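Participant: Sequence and predicted structure below; questions after.
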Amino acid sequence: GEDVEQSLFLSVREGDSSVINCTYTDSSSTYLYWYKQEPGAGLQLLTYIFSNMDMKQDQRLTVLLNKKDKHLSLRIADTQTGDSAIYFCAESMDGGATNKLIFGTGTLLAVQP
Amino acid sequence: DAGVTQSPTHLIKTRGQQVTLRCSPKSGHDTVSWYQQALGQGPQFIFQYYEEEERQRGNFPDRFSGHQFPNYSSELNVNALLLGDSALYLCASSLAKSNSNQPQHFGDGTRLSIL
């Protein structure tokens, strides 16, 4: 089945690290993505990880994948007020084919100054 | 390098009417996908177009149809609008390659309100 779940809300203080979690159900997922959505805007691709990887780091962002538990996390180091947004986890099961994305319901990250 | 552009940004319609939304993909991309995002929800896949044909479709009724033009731009048409069609409609583009992952890049969406 296709299902992606995320916690709804996370509040952190500026300068702290944020960790946003996601679980998915389809073990055939090939790629997993993190997108950011600011109010009134579309989705901005942050990073993605191939299912045969455990970790990917890109500047302040670290993605961890536990394929056995079907758990994905996004860590944002030194969180800034500009990081306040909704973060979506998404899985793609087709890889290079249609690349249809299945999204979670999103996690609202609130960064307190 | 132009990203994905969508028009219009906002639209208000009444029940029973028809609407057409437009999307121009990111430069160099040839595949367009459409998503519906209801308030407080994640985007839901509607369908994808490649080489001017619908390649895959999500769980949406036939009232939702689309088209892709030779220049890769795309339209989403919705007939017989219902109140429940009120949502943000997102277009995403990507490059079709069988050997590598090509992430989808999204536009800012069209906010459709049905009265």
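Facilitator: In hand now; what should we look at?

Participant: What's the local residue count around the closest residue to chain B within chain A?
Facilitator: Here chain A gets closest to chain B at one residue, residue A:103, 3.4 Å apart by Cβ to the nearest Cβ. Using the backbone N, CA and C atoms, a C-beta is placed for each residue, glycine as well. For residue A:103, the count of nearby residues is 21 (other Cβ atoms under 10 Å in any protein chain shown).

Participant: Let me see the contact set for it.
Facilitator: A:4, A:35, A:88, A:89, A:90, B:42, B:43, B:44 (Cβ atoms under 8 Å, 6 or more residues apart in numbering or on different chains).

Participant: Sort out which of those are buried, if you could.
Facilitator: Buried residues within these, counting neighbours by 16 or more other Cβ atoms under 10 Å in any protein chain shown: A:4, A:35, A:88, A:89, A:90, B:42, B:43, B:44.

Participant: The fifth one: helix or strand, and which one exactly?
Facilitator: Per DSSP states H and E: residue A:90 is located in strand A:85-92.

Participant: Stretch B:6-21 - what's its average pLDDT?
Facilitator: Averaged across stretch B:6-21, pLDDT comes to 97.

Participant: what about residue B:18, neighbour count?
Facilitator: So residue B:18, with other Cβ under 10 Å, has 11 neighbours.

Participant: same thing with residue B:71?
Facilitator: Residue B:71: 8 neighbours (other Cβ under 10 Å).

Participant: Which pLDDT value belongs to it?
Facilitator: At residue B:71, the model reports a pLDDT of 95.

Participant: so how far is residue A:3 from the residue of chain B found nearest chain A?
Facilitator: Using Cβ to the nearest Cβ, the single residue of chain B nearest to chain A is residue B:42, 3.4 Å away. For residue B:42, the distance to residue A:3 (Cβ to Cβ, to the nearest Å) stands at 11 Å.

Participant: Local confidence estimate at residue 66?
Facilitator: Picked chain A for this. pLDDT for residue A:66: 92.

Participant: please go with chain B instead
Facilitator: Residue B:66 carries a pLDDT value of 97.

Participant: excluding its backbone neighbours, what's nearest the residue nearest the centre of chain B?
Facilitator: Residue closest to the average C-alpha location in chain B (Cα atoms, centre = their mean): residue B:34, at 2.9 Å. Nearest non-adjacent residue to residue B:34, counting by Cβ to Cβ, 6 or more residues apart in numbering or on different chains: residue B:46, 4.3 Å away.
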